[in-house]
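**Q** Here is a sequence together with a model predicted from it:
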Amino acid sequence: MPGKVAKIGTFSDWIGLFNDWRKEIGVNTDDIEAFHFDTLYGAIDTEDIEFGHYKGNRKWENLRQMPTQQMRDALMNMIVYQGDTEFASVEQQRNLLENAPTDWDRRAITRVMIEEMRHGWQMCALLVDHFGYSGKVEAQKMLERRAFENKRLLGAFNVDVDNWMDFFTYTDFVDRDGKFQYGFRVRTTCSEPIILLPHTGPTSGASRAATTNRKTIRPLIWTISTTTTGTCTEMRWPD
């Protein structure tokens, strides 16, 4: 990637940039700072590809096993766009912390932001751990783009959400599409994607929760495919 030099060598380096990003955009509240961000894990359902040209074959366990570079690039692109929207959402909603109608609403928007950040964390862990130098560059760039500078990848995520009616409308109507987007991708061709199984509740913003994953490439597609089922029981919240 011409003109771009990665500052990170490991995921620990990325975490340092993540902490700086939270402070820079003004969302490093006590509750958010106390939350333990982590890469979460799920369980697998089947080892066989269930549809398409490769139906019946064993699911791919790493990027090298994927048949074409085009497929590998498409997978990385999906992860980049997914992760970018997570951090963009936090930047869009950052001002709601200061004008919450009630303390309950402030706690709710804090939870939403934590969940968005953890989803982005998950995507960047995949990029850094499995996609080499290019993945590290993309993970770094996710924390350098800013929604309020109109630099996020999708235009809808470059508009500030500065009032609670917009937020309620978005989470009640627009954000629900994630349930269907993720649901139809459940039958992935990557092995053990269910290991990324996210334990989430309903897809409205205040109750979306974490994606899960494993340290192999097997779960990659699932990471961006199943973030709308299950419960929040495996998320660790501050006492």
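**A** Noted; the coordinates are in hand.

**Q** Going by neighbour count, list what's buried in the longest helix out of those in the chain.
**A** When the chain is parsed with DSSP state H, its longest helix is helix 103-130. Within helix 103-130, the residues that count as buried by 16 or more other Cβ atoms under 10 Å are 105-106, 108-130. To be clear about C-beta, it is placed using only N, CA and C from the backbone, and glycine gets the same treatment.

**Q** Check stretch 46-65 too.
**A** Buried, per 16+ other Cβ under 10 Å, within stretch 46-65: I49, K59, W60, L63.

**Q** how about these in CSV, adding distance to T171, pLDDT and secondary structure?
**A** As requested, the buried residues of stretch 46-65 are exported to CSV (distance: Cβ to Cβ, whole Å; pLDDT from 0 to 100; DSSP: H, G, I helix; E, B strand; the rest coil):
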residue, distance to T171, pLDDT, secondary structure
I49, 35, 83, coil
K59, 34, 82, coil
W60, 35, 83, strand
L63, 35, 85, helix
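
**Q** Which single one of those is nearest to T10?
**A** Of all those, T10 sits closest to L63, with 18.7 Å by Cβ to Cβ.

**Q** which secondary structure elements does the longest helix of the chain contact?
**A** If you count contacts as 3 or more Cβ pairs under 8 Å, 6 or more residues apart in numbering; DSSP states H and E, helix 103-130 packs onto helix 11-25, helix 30-34, helix 69-93, helix 132-142, helix 164-172, helix 220-223.

**Q** Give me the contact list for the fourth one.
**A** In other words, helix 132-142. The contact list for helix 132-142, computed with Cβ atoms under 8 Å, 6 or more residues apart in numbering, reads 1, 4, 6-9, 14, 17, 76, 80, 83-84, 87, 120, 123-124, 126-129, 131.

**Q** right, and T39 touches C124 too?
**A** No - using Cβ atoms under 8 Å, T39 is not in contact with C124, being 9.7 Å away.
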